[in-house]
Every structure is written in C-alpha cells, then in structure tokens.
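K.L.:
Kindly return the folded structure for what I paste below:
(3 chains)
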Amino acid sequence: MRRDYKTYLRRFHEAKWDEEIIFDLSVPGQRGIIVPAAEAQMVEAVGKGSSKIPQGMKRKKLPNLPEVHQMRVNRHFMRLTQEVMGADVTPDLSQGTCTMKYSPKVQEHTAARNENLIDVHPLQDVSTIQGILEIYKKTEEMVCEISGMDAFNFHAGGGAAACYEGACVVRAYHKSRGDDKRDEIITTIFSHPCDAGAPSTAGYKVVTLMPNEDGIPDLEAMKAALSERTAAIFITNPEDTGIFNPRIKEYVDAAHEAGALCYYDQANVNGIMGITRAREVGFDIIHYNLHKTFSSPHGGMGPGCGALGVREFLKPFLPVPRVEKDGEHYYLDYDCPESIGKIRTFMGNAHVVLRTYMWIKQMGAEGIREAAVCSVLNNQYLMKQVSKIKGVEVYYALGKRRIEQCRYSWNKLKEDTGFGTVDVTKRLIDFGMQHYWQSHHPHIVPEPFTLEPTESYSKDDLDEYAAILTEISRECYEEPEVIRSAPHNAPIHAILTDEVDDFDKIAVTWRQWQKRIQAGTMKDA
Amino acid sequence: MSNKTIFPYIPNSVPEIQEAMLKEVGASDVMDLYEEIPKELRVKGMLDLPEPIRDELGIKRHIDKILSKNRNCNEYDNFLGAGCAQHYVPAVCDEIAGRGELLTCYGAETWADHGKYQIFFEYQSMMAELLEMDFLTVPCHCGGQAVSTAFCMSNRITGRKKILVPKTMTPQNLMIAKNYVKSAIEEQALIIEAVEYDPETGEMDLADLRAKLDDKTAAVLIENPNYLGVIESQGEEIGRLAREAGAEFIVYADPITLGVMEAPGNYGATICVGDLHGLGLHLQCGGAQAGYIACRDDMKYMMEFKELVDGVVETTVPGEIGYTVVLMERTHYAMREKGREFTGTQNNLWTAPIAVYLSLMGPKGMQEIGDTIMTKSQYAAMRFSQIPGVKVRFTGTFFKEFVLDYNDTGKTEAEIRQAMLEEKIFSGAALKEDYPELSECALVCVTEMTTMEAVDHMAEALQKAVQG
Amino acid sequence: MHRRPKEVRDVKKIGFLVNPVAGVGGRVGLKGSDGARIQEMAKKLGAVPEASLRALAALQKASGLTDQIVFLTAPGVMGEDVVKQTAFPYEVVGTLPDGATTAEDTIRIAREILESQADLLMFAGGDGTARNVCEAVGMELPVLGIPAGVKIHSAVYAYNTKNAGEALEYFCNESRNRYEEAEVMDIDEEAFRGGTVRAKLYGYMRIPVLHRCMQSVKSGGYSEKEHVAGIAESVVSQMTPGAYYVVGPGTTTIPIMDRLGLPHTLLGMDIVKDGKLIKADAAEKDIYDLTKKGEVYVILTVIGGQGHLFGRGNQQISPRILRAIGRKHCMIVATKSKLLSIAAGRLTVDTGDIELDMELAGYVRIITGYQDSVMFKIES
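P.N.:
Okay, the predicted model is just below:
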C-alpha cells in the first residue's frame, strides 16, 4: 500500500550497538592481518632490515596499538558505519549550504576501484598518465563553459582551500603590479565563513557588510568600505539565505572601479547552473565545490575538491603544474614563473575530478539546467510547506522567491514554547532524518535552520520532511516532554555541551583520556 | 507525452510532477522561479557542453576507455615514491571506506552520526600511540599543509618568524609552505631558511644548524626519514638544540616507519606532522594524500590547531559516552577571520581506512612491515649498486627510499629512466630540478609491495641500460 | 564495560530576592516605581505587588529540580513568602524591618547572599532593582533576573518569566557554567516622567551563558573574550605617537586599557597618550581643551540593544568636541554579537545637536576584532 507522505510518519530506529572503543577489544596476541615478509634470499643477503637503524632511532617500545582479530575489526567498524546517517540512507535535504545530492554509484565504483586510477602514481612518466590528464583538461573545459571563466585549477581539497588559493592569487596579482597597499578584503556576513577566514590566512584584513531588510548588503555600505586598500571582494550569491542579489553587477562594477578584484564563492551555485554565469556578472575569480555541486560524496567532510576558476589575466598565477595539451598529447606545465606555487601536493584529488567529469558528461547541458531548475523548484515547494508550520518564520525579502535554499527561523516557536532550533534538530533523528543545518556563525537569524532540497529529492521526500517538521512543532506545543528528552531512537542521547574548552576535560585521544581519568578530572566510560 | 528527458538522478524531472509543483508555488513556467535574477544576467539558450552519454553502461565504457590510456603500478614495476609511496591496502580498509553510510555522510549531529565520531576518535587515538603524542585532529589536506600549519603554529606560540628547514625537505612541501607563510601585510610573513645537509651521509649538517639557529628562530624542522630517504639519526640532538634556543622542534615522520623507528614524541618533537597516504590508502594519482598534526598534552599547543577535533564527552545521560567538537572556537567556523587559519572540507573519510589499517596491523604488524620494507630496500640498494657505475649516493641509513647516482654510468638519469620505462618499470623520481647537485641521480622507493622479482627485473634492465 | 548509574548532581545554592514593589508603578500608569513617594502613590491608585507572582511562576517552571536546589532567600515579602509556596528547600538570609521595603534592604540582603557562598542570585524586579543588586554584588556573584519591573533595559534579565525558570533549570543541569558580562541600564526617571527617554549605563554584572535561553548562540564566554582581546589588539596597533586617545566606558573598551597596562574608570572617560594615562575620569572640558592642543581620537563602544552611540553614557563627548575632531577620529569598537543584538540594525546618535547628528549619519567602520571590521549604519 502506498503511503501518504504528507501525513505518514516513519517509525525509525537507528542502529545502537553500544560498541566498545577499539582499545577495549584488544586481546594480547591476536592479530588482524599477516604482513608480507621479505623473501628469504633477501634476508640472507642483507640481514634483518631494521637492524640497520642507528641506535638512537630504534623504537624501544612497540606502539600501544590494539591487538584484534580480523573479523572483530571488520565487525567493529561495520557497526560504527551502521551508526552513521549518510545520504545513502536518509534523504539529506536538510543540510542547507552543503548541496547534498545523489552521488551516482557508477562514478563511485570507477573512482574507488578502477586500477587505472587508484593504482596510478602521480609522478609516472607523462606518457603513462594521458588518461587522467585528459579527464583534468576536459573537466576544466566543461566548468569553464558552465562559469564563463577561462581557466581552472583542481588542486584544492575543499571549498575553503580553494578560497585560500584564490586569496593567494589575488595577492600575487596585486604584487605583480607593484600595488602593495591593498591589504583589505570585503565580504558579507551571509557569505560562507571561509570567505573571511581564508583571505585572513593569506594576511588580509577583513571588512564585513551586514544585510539590510532585503537580506543583502546595501550598495552604499559596500561603497563606503571600498578604497585604494581593497584587494578584493569575496562574496556569495545567492547567499546562505537563498536570496539572490539582483544588483550584483553594480557591486562588482563598484569594486572594479576601486581597483579591486571580484571573487565569487560559488558554493551556492546549484540552483543557477545554466541560468546565470559568473562571467556575465563580471567576476574575475570563482570557486566551485566539486563535491557539492558536481556530485561527489562528502565523506563526512572530505576528500573533496575546490575548483578555482579565473579569467585569462589571472591564469599565470594559478598553482603548478598546469595540465595543457600539445596537439594530441597532454602534458604538465611547470614553467609558470608568476605562479603562486603549490597549495596541495601533486594534482589534488583526481578521483573527485573524475567523478565530476562523469557527472557532467552524463547530464549534458540540458541535464545541468534541469538539475538547477529542479533544485529551485524543490526549494520553493518545500518553502511553501515549511512556512505553513506553526512556529516557523522566514526572515528577509518576504514574498520574494528564493533560489536553492532557504534560511528559516524557529523564533516564534521559541517564544511560544521555549523550544528552539536545537530542540527540534534533536528530535529529527527519531523520524529518520539525521539533522538539519542551522546556520554558520554568527546566528543573525535567530533559532535558524537552513534547508537545501537539491534536485536529488522527490516530491514525496519533501512532503515527508515537511510532515516530520509539522509533527515536531506539534510536539513542542503539546508534548514538551518528548522533545525535552529527545533523541529517543539514536545510538546515543543528546550531547548539549556547546564546546569543551576546559583543559582538564579535553580528551581527543585514548591516551589523553586515560591520563584524565588517572588525574580524576574525567570519568571512565 | 513530451520528449523531455527524464533523468534518473532527478526525480522531479517528470513533466507531470513538475507541473503540479510549479502550480503549488504559483509559477506557470520554470523560468518564473528565477524572477529575482535580472534578465540581462541570464544565459541565453543552452550551455555549449559536449554531447552527453546518458546510459550507465555507456558512461562506464567511455570512462574506462579514457582511463585505459593510463598505465598503472600493477602492470609496471613501481619504484616511485617521493611523497606518494605504494603500500598494500588490506581488503577491510576498502570495505569500510566504501560503505555508503560513511561515504555520503556529512555534518550530522553527534548522536545521529555517533559511529563516525567514534571513528574519528579512534583514528586520533591510534595515531597518537604511533607517534607517542597526545593530541591530534582529523586529517588536513596533505603533508605539505600539515607542515605549513606547524610553521604558523610555531610562529603563534613563540612570536618569532624564522623557520629552519632541512635542505633535504620534500620539495613540494617546501613550495606549499613558502606560499603559505606569505602575507598580504608583508611584515607579517614568516621567513624560511634552509639548513645544509652533510654531502656524505645525507643527514643534517649540525654545524650549519648551530650557525643559523638563534633567538629569532620559531621552529626547526626535520624530516625523518628525509626526502632523500635518509634516516636522521641526530634527531634527539637537533631537538635539544632547537628547544635550547626557544624554538619548536617539528618532526615530519612517515607513519609507516614507526613500528621500527623511534616515535617522534620520544626524541623531543614538540609538534609532529606528516602524510598519511601509506596507511591503508591507494595511490589515487596523488589523490589520497592527507596530513596529520600532533602535539603533546599542552594547552599552549592544542589551542593553535586549525582543524575541528572531536573529544569524548558525556551525553545528557550520565555515564553514556559520545563525541563532540572541542575547542571549536579556534576554527574559522566560529571565529571567522580570527580563527587559526581556515579549515573546512579536508579528508575525514580517510580516518576510516587508516583506523582500520592500524587496528589490523597492531603493534606487531607495524613492526613487521617496517622490517620487511627495510630488508627489501637494503637488498634493492645492494643489488643496484652492484651494477657498474651505479652508486648509492649517501652513506646514511635509509628506510624505504634511497638516491641512486648514475653519474659514473655515462648515461643521464633521463636516459636511464626512459630505458626503464620501455621495460615497464617506473624506476624512480628525478632530482635535478630541486637538487642541481644531484642532477644525474634518482630517488628510488621500495616497499612491501616490491617483490624480489621486480628488484631483479630492474637490476637487469639497469645493467642493460648502462651497458647499451 | 558497564555504564555508571545515574550520578547525583551537586546541590546548587541559589540566592533569591524579590523587590515586592517592582512593577507597581507600571500598571497604574506611572513610569517606574522608584522612590517611596511613587510607591505610595501607586498603592493609592490600587496597584497589586505582582513581582511576587512573577517570581513564583518562574520557580514553578523549575519545580522538577527540588532535589538540586537550596534557596538562600531574603525574608518575608522579599522572597521567603514566595519560596514557601513551592516544594523547594530554603534557608532565610538576613532580616527585614517592618514597613515598606527600600533599596537599602535589597542592597543589604544581596550582600548577605553573596557572603553565604551562593552559586547564583536570582532576583525579580526591574532596572532599579538591577542597579541595587549591582551595587551589592557587582561582578562577584552571577545573577539571573526575572523581569518584573516597569523598565527592563538591563541585559541581566531573561526574556520572560517562563524563560527565567528555564534558565534556572539549565543552570542547575549544566555541570560547568560559563559567564558573560551584561549591562545594567536604567533611565533617568525624572526625565522619563517628564517625557524624555534617557537610558544610562550604570554598571555590569555577570550572567550565566545559557545558549538555549538566549537569542544569539555564540554570544558569550570564551569567544567573546577573544573577540574583545582582538579588538584591543587592533586599536592599540593603530595608535599613533603624540595623539590623544579618549577611552570611553564599557567591557569592550576596558581591555584596551588593560592591554596598555593602565587602570580604567568603569563609567568614565580616560585619556591616554603615548601609552601613558594623562587623565582618569576626564570631564567634557578636559577633552575639549585637548582638541586645541593636538590630535584627539575618541574610542567608544556601542550600547547594546538600542544601539546608542552618542548621547547615552558618554555625555562627556559633547557636540563641540565631535565637531572639533570629526567623525574620522571616532574609533568605534563593538563585538559582532553586540552589533547583532541591536534590534534596529543601525546605530543612533542623539548628541542634542540635530545638525551634528545629521553629519554623523552614514556608514561607519566598526572595529570588531583583530584585523576585522564591520560596516554599520548610523542614523540621526
């Protein structure tokens, strides 16, 4: 019988294994694997290898690693994976700003299993890595078309790393022109925190713009901030609120007029691929999160790929080596005297670039646009449902359409019931949804939550999600005890310690924990 | 029925569903959804992308065909390392790393993703045992990133700006670090200075270190073994000198060596860094690099880490254990631009195969693999150096990599490398670009993967190449 | 491994104090209840003391904690009468003479609660009560206010009565509380009854950081401290030799003086030059005279909530001074969370000189941390 997802509530219970810490599984003498030994003739010829180690560098005491037989190791980690709510098992439409979409298994199987990728060494002779170089170059060409940029680099392992790489390119560019005064960048508070954090690592001072009633910063504020010290603006559009700044071109023009570069953090590009491009707006430098928008699994935060795209005049500053083509052959170009050098060893995460290539190649222009359209349609549909829920409010730009995500607020719920966004997210798991993304800091929208239902989710998924939120809202008003003691069906109960910063209570490793137990500042499990 | 493509990855691409949803949101056409985007900013028509391949079999064949233009390290005998050594990946590592729950998860709350957080904690714990350090975060991008962050940490801790690195430092890491320590405000940049190596042994030149070490030095780095493969036997002495000068002692250690080589924590490292690719990860054309940074149980250091780190805490039910982010305020997530550098998506998935690897290996496994690798590498070096004109360049003890000197063969390193390639051998990495003094030398890597057959094959090929 | 049985949490000692006359003025249309004369007038007008009712409601909200709390309550109408109606154990602290309660009673008993080693002082009242409590306990004892007065400008109060009860619950359930500083504000009552709103900063008290009861999640504790330290660092690094710096009051500006190793005046203006204190607690004239002698910078912070920049708590910076130094010589410092707490999203100035107010309007750069600033709008 088909369920009515608008009302049906799934009776979910996550696996709860009460699994030991691996050290507690250790039985002296057991082993998990037999290590290959050197051939007898070798030993005969040179003796025991480690005997050559100079005395001071010999390990005196073996590392205190657990000794566990193989089946138990496998079972241990299998149990732990069962206590994880990946997008493969739960509709992860709730992690706004993260663009959680389906990562097709055909990509996964190639990226993780094809020996012509996984068993390839990055320093092999260039004639023996033509396949992967072809993938790099063709992917570059495709994302150039999608963005309108002229060149891309795939070295960065994540979006924030690409943003840092971009800040280094900005720095190198101004320096190459002898312009040493520019030591500030401008960003907005609703841009991803890396738009402030990464340039700051590159040594920039950060000026932040706050939103007006429409949720976007005033052009006047931007103009007041711009000066001969501005190196670049680093902004997101749409911002994390899902609001598209329609006057973006004026911002970019104003920045250019002040001699600054314009950096476009395209973490939120999913809803506008094939609809609008960075080039037409006038941006000089952008990044895509290939693991978000172009469908690589997030892996619990990496490995990913931050693809940095630039206009022609910034290409000389990109990291080395660059993948280039000479007639029929691909080669690696290290001869880039103005390059910032490297930000990551070798060529970055080739497996993520490969997945991206496969995804775009499967989707084509029509599919890319369809993905964008459906992600926006999904968002606006879900917004319609969620806005109806008692206790939910939407901030800024009321009545205007959001792009691919929306930041909501439980502030009303909080005023009415005392329960806020943390209370709601605690309860979600009991219905099979792992959590939702609240907001990056600082929380300007009070009691925030941010939903981004990408194109991967069906109408039924959206209806089910809205039904769950509706039910949780009802419970907040009518059955507070259920909410207070949630979660009920997760592997463990809630952890509400906001952060631990007391030295005596910090234990991030087993040995540190044992020390704290000895000292009496922490308890044993 | 329309001719619209129905995409298997886009459930709402079905026209009837789309229409119903459009109606619900008060739009008559999909472009109505974009009314906030000014018309002049919109793409006219379709993007100019290559013809798609929509069927799954088709895309699989297409990609397999492109990748088949690569050669791999199974069909070739591989002696390439240089920061990306090939080690055996136990089956359980792949089994766990490929689990969909882990692969596709992201930032769920501690109670929902409890298993993931426990894996992080176990990864951190086992690495700490290996290193004899106490505090470790989840992995960063690569060894180069780890060492760069260690430099910045040292600067923040000591307030000094000069970093002494060995001339035998991994060149890629040096390149990353040189960019990383720059600043838009020039007086805030750090200065990296190289310490010479002993041309005989390949170890650090202590006289040069003493000459360069002063009260402006924030840190002294050693790699152990260094990029040229040599074990730095003076580690303890270097650490002592560094600490006496008030500088941090950073040790870049290859974790696969630590079953037989002394743990950095036991010879004075104050910050310990390295790359993790050897512990249960595939070569991935360099796409499985991941860095670690560790320190002692000292708040002064712990506060300077840039990554998120999970610590053990009690849940709301007393006695029940969970894991949560500790010292969150350090990172840019909470602090924005004042966080200790930036963090973000890095390499969390790799904590699983690494944790599995260390669990399977245990103390004895790590000891045995160290032994196996060293026996094989010593044998290979002996075998190759029997060939007329071929020498092992340094007298210092090496772990898995060593420098072969072809100067006396009358052949260039490039010629030999090419001849070997024709014999299906990746014979080693060139050193000319980074070490002009080692122009006709190659960096050769031997691991547990290298069979005696492969060593003999290379020896024969080398003999032939040298004679020919 | 076995899980431990549920551990018994420590019993917390919670001081408890009610200003029984707080709020009486409001219901009968008087703007505030300070002063015996007003209270008398209110009674005549038929006001019922409702602070006690609110305080009772707050305690009832936390009624699940009877085994975790011992109240150290003020006697009679000032607390005991309320606690008596609940199941909480309590001890009475201090004595109360017959007759109407006074501000002196609040101050005296709050001090006694402080001396009896309470973990927290919960009090019901309004801005006047907060001022009295502040005078008694200052920053020594964390407090939690139950809003019951006519005027609630001070940041030491919970959102509403129910929230106050919940805040108490969270405080007791949290094994390790952290604290932040909150402003004690009050308006000039005489001027207020005359129809003019003038809020004034009277001091600071410590409140527990109760993320789940407060608006902004990351508003307090550790990070705030680091932000403030970053601001001080930023300001000090921008100081130029020979120039005068007038450092205004506030928890954001005090660390600047600390960073310079100088003493500070809590609610006044201190003048610094070349790292030395030139004058503590300077008057308007002192500052004005300097503008004729050399370059003068004024370092000010924003008053949270209403977003006042000039005209509140810093009247020493007069229109003629502002005219003399110009807007560019005003260094404004504030943490981001403080800026976010400003409801209107913009700052207001009320120097008393309308023309000057207009000139000050526009976007300014506010120093919010180390190498970190925010553009914020000033409206006249």
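K.L.:
I am assuming residue B:263 contacts residue B:132, so please confirm or correct that.
P.N.:
Yes. Taking contacts as C-beta atoms under 8 Å, residue B:263 lies within contact range of residue B:132: 3.7 Å. Backbone N, C-alpha and C define where each C-beta goes, glycine included.
K.L.:
Give the residues shared as contacts by those two.
P.N.:
Listed as contacting both residue B:263 and residue B:132 by C-beta atoms under 8 Å, 6 or more residues apart in numbering or on different chains are residue A:63.
K.L.:
where along the stretch 201-350 of chain B do the strands fall?
P.N.:
B:217-224, B:248-253, B:271-275, B:291-295, B:309-314, B:321-326 (DSSP state E, counting those that start in this stretch).
K.L.:
packing partners for the fifth one?
P.N.:
Under the contact definition 3 or more C-beta pairs under 8 Å, 6 or more residues apart in numbering or on different chains; DSSP states H and E, strand B:309-314 sits against helix B:114-131, strand B:321-326.
K.L.:
what about that strand, average pLDDT?
P.N.:
The average pLDDT within strand B:309-314 is 85.
K.L.:
Equivalent analysis for the fourth one, please.
P.N.:
This predicted structure assigns strand B:291-295 an average pLDDT of 96.
K.L.:
can I get the strands of the stretch 201-350 of chain B in a markdown table with mean neighbour count?
P.N.:
Formatted as a markdown table, the strands of the stretch 201-350 of chain B follow (neighbours: other C-beta atoms under 10 Å in any protein chain shown):
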| stretch | mean neighbour count |
| --- | --- |
| strand B:217-224 | 27 |
| strand B:248-253 | 28 |
| strand B:271-275 | 29 |
| strand B:291-295 | 28 |
| strand B:309-314 | 24 |
| strand B:321-326 | 23 |
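K.L.:
Quick check on the spatially most central residue of chain C: phi, psi?
P.N.:
Closest residue to the average C-alpha location of chain C: residue C:183 at 1.5 Å, with C-alpha atoms, centre = their mean. When read as degrees, to the nearest 10, the backbone of residue C:183 gives phi -80, psi 140.
K.L.:
Surely it touches residue C:201?
P.N.:
Yes. Using C-beta under 8 Å, residue C:183 is in contact with residue C:201, at 6.0 Å.
K.L.:
Would you double-check that residue A:426 falls in a helix?
P.N.:
Yes. Counting by DSSP: H, G, I helix; E, B strand; the rest coil, residue A:426 is found in a helix.
K.L.:
How about it: what's its closest non-neighbour residue?
P.N.:
Take residue A:426 and drop its neighbours on the chain: the residue closest to it by C-beta to C-beta, 6 or more residues apart in numbering or on different chains is residue A:486, 4.5 Å away.
K.L.:
residues contacting that neighbour?
P.N.:
A:423, A:426-427, A:429-430, A:494.
K.L.:
and with 10 Å instead?
P.N.:
Taking C-beta atoms under 10 Å, 6 or more residues apart in numbering or on different chains as the criterion, residue A:486 is in contact with A:423-430, A:472, A:475, A:493-494, B:111, B:316.
K.L.:
Let me have those in JSON lines, extended by neighbour count.
P.N.:
Shown next, in JSON lines, are the contacts of residue A:486 (neighbours: other C-beta under 10 Å):
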{"residue": "A:423", "neighbour count": "24"}
{"residue": "A:424", "neighbour count": "27"}
{"residue": "A:425", "neighbour count": "26"}
{"residue": "A:426", "neighbour count": "27"}
{"residue": "A:427", "neighbour count": "27"}
{"residue": "A:428", "neighbour count": "26"}
{"residue": "A:429", "neighbour count": "27"}
{"residue": "A:430", "neighbour count": "23"}
{"residue": "A:472", "neighbour count": "26"}
{"residue": "A:475", "neighbour count": "21"}
{"residue": "A:493", "neighbour count": "19"}
{"residue": "A:494", "neighbour count": "23"}
{"residue": "B:111", "neighbour count": "28"}
{"residue": "B:316", "neighbour count": "19"}
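K.L.:
Out of the residues you listed, which one has the weakest pLDDT?
P.N.:
Among those, pLDDT bottoms out at residue B:316, giving 83.
K.L.:
how much space between the closest residue to residue A:174 other than its chain neighbours and residue A:53?
P.N.:
Closest residue in space to residue A:174, ignoring its immediate chain neighbours: residue A:182 at 5.0 Å, by C-beta to C-beta, 6+ apart. Distance, residue A:182 to residue A:53, using C-beta to C-beta, to the nearest Å: 52 Å.
K.L.:
The two: which has the busier surroundings?
P.N.:
Counted by other C-beta atoms under 10 Å in any protein chain shown, residue A:182 and residue A:53 do not tie: residue A:182 has more neighbours, with 24 against 20.
K.L.:
I'd assumed residue A:229 was in contact with that one.
P.N.:
Yes. Assessed by C-beta atoms under 10 Å, residue A:182 is found in contact with residue A:229 at 5.7 Å.
K.L.:
could you point out where chain A is predicted with low confidence?
P.N.:
For chain A, applying pLDDT under 70 flags the ranges A:1, A:497-501.
K.L.:
I'm done for today, thanks for sticking with me.
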